[in-house]
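Asker: what would the 3D arrangement of this be:
(one chain, ligands or ions: 2)
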Amino acid sequence: MHLLNSLVLGLATLTNIAAGANSAGCGKAPTITTGTKTINVGGTNRQFRIRVPSNYQNNKPYKVVYGLHWNGGTMDQVADGGRDKWAYFGMQKIANETAIFVAPQGLDGGWANSGGRDTKLIDAINDYIDAGLCVDQGQRFSIGFSYGAGMSYSLACNRANKFRGVAIIAGGQLAGCEGGTSPIAYFGIHGIKDNVLNISGGRSLRDRFIKNNGCNSMAGVKEPTSGSRIHITTAATGCKQGYPVRWAAHDGGHIQSAADKPAPNEEDGTRSWVEGEVWAFWNLPELQTPK
Ligand SMILES: *[C@@H]1O[C@H](CO)[C@@H](O)[C@H](O)[C@H]1NC(C)=O
Ligand SMILES: *[C@@H]1O[C@H](CO)[C@@H](O)[C@H](O)[C@H]1NC(C)=O
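Answerer: Ligands and ions are numbered 1, 2, ... in the order given. Here you go, the predicted structure:
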């Protein structure tokens, strides 16, 4: 009996190593619960919200999804749903308890990432979660809006080895792009009428990963006309297997939960197509294999 247990344990360990992607928290009693946490990063106390699946099982490697707030926004707005009433940009509901969600708090309401301080925060949170929960380390994702999109973009640039994919909603290059040469699955979403961070900037961000991922140029790809109140999503062609790029342009402004007509307004999270398209993108079969 003892021998059998050792053997089973040995095999489980071997499997974890072979998969190369399961965190140390797998197979152990979880040490992290849903709530607000404080972590010291380089001498500064930083806060984040975390949501552990309600039916968490320690032998199931989970996705980790970061939701990054906008300028002047908060982790609570992201985690609770904010003005658009959709927790974690709508992803929490659609994930249906298959992912661990994290909403860190930026300093001064943003993600200046001075000296890489916010990247270090994300590194520290990843280590903390990996130790206490069962994570599929090849299935980390980040989604953000505006400044939070800028930070997600920064992670795409310098943490493509830690994150499998990103969704950049109305982003700009606001938190740096250290490195910036590695491929990562990339979904860019932008309004043609965005007067805060214009869509040509959004196209430039996208084009870095068109290049990194080896895709064919998206220059001149069809975007909706003004007044159409629709969106057009296009998948880039020719990308390296496992590193797709999608681009969704919509007939709206600087918003996070774009919706097509006849939605009563552009900020109605209950009618947005954003979370469904992002979740489907992150769950493409080509993203489910280890990098
Ligand atoms: C959510 O997952 C549970 C199983 O864990 C399943 O029974 C249920 O149908 C799912 N709900 C949706 C909306 O997919
Ligand atoms: C878009 O924004 C950038 C950065 O603010 C600016 O340099 C550029 O001229 C703008 N482009 C258009 C078409 O408005």
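Asker: need the residues that contact stretch 282-291.
Answerer: Residues outside stretch 282-291 that contact it (CB atoms under 8 Å, 6 or more residues apart in numbering): 19-21, 63, 138-139, 141, 161, 164-165, 167, 185, 241-242, 244, 281. Bear in mind the C-beta positions are built from the backbone N, C-alpha and C, glycine included.
Asker: can you give me the strands for the stretch 51-200 of the chain?
Answerer: Using DSSP state E, counting those that start in this stretch, the strands of the stretch 51-200 of the chain run over 62-68, 99-104, 135-145, 165-169, 185-191.
Asker: most neighbours of all the contacts of stretch 282-291, which one?
Answerer: Within these, most neighbours by other CB atoms under 10 Å means residue 167, with 30 neighbours.
Asker: do you know which of the strands of the stretch 51-200 of the chain lies nearest residue 111?
Answerer: Set against residue 111 and scored by CB to CB, the strands of the stretch 51-200 of the chain come closest in strand 62-68, at 6.8 Å.
Asker: how far away from the center of its chain is that closest one?
Answerer: Mean-position distance between strand 62-68 and its chain equals 6 Å (CA atoms, centre = their mean, to the nearest Å).
Asker: can you give me the angle it makes with strand 99-104?
Answerer: Per axes from the mean of the first three to the mean of the last three CA atoms, to 10 degrees, the angle that strand 62-68 makes with strand 99-104 is 30 degrees.
Asker: for strand 62-68, packing partners?
Answerer: If you count contacts as 3 or more CB pairs under 8 Å, 6 or more residues apart in numbering; DSSP states H and E, strand 62-68 packs onto helix 75-80, helix 91-95, strand 99-104, helix 117-132, strand 135-145, helix 147-158.
Asker: mean pLDDT and distance to ligand 2 for these - can I get that in JSON lines?
Answerer: Putting the helices and strands packed on strand 62-68 into JSON lines (pLDDT from 0 to 100; distance: least, CB to the nearest ligand atom, whole Å) gives the following:
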{"stretch": "helix 75-80", "mean pLDDT": "96", "distance to ligand 2": "25"}
{"stretch": "helix 91-95", "mean pLDDT": "95", "distance to ligand 2": "28"}
{"stretch": "strand 99-104", "mean pLDDT": "98", "distance to ligand 2": "26"}
{"stretch": "helix 117-132", "mean pLDDT": "98", "distance to ligand 2": "21"}
{"stretch": "strand 135-145", "mean pLDDT": "97", "distance to ligand 2": "17"}
{"stretch": "helix 147-158", "mean pLDDT": "98", "distance to ligand 2": "12"}
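Asker: near ligand 2, which residues of this protein?
Answerer: By CB under 6 Å from any ligand atom, the residues of the chain that approach ligand 2 are 198, 200-201.
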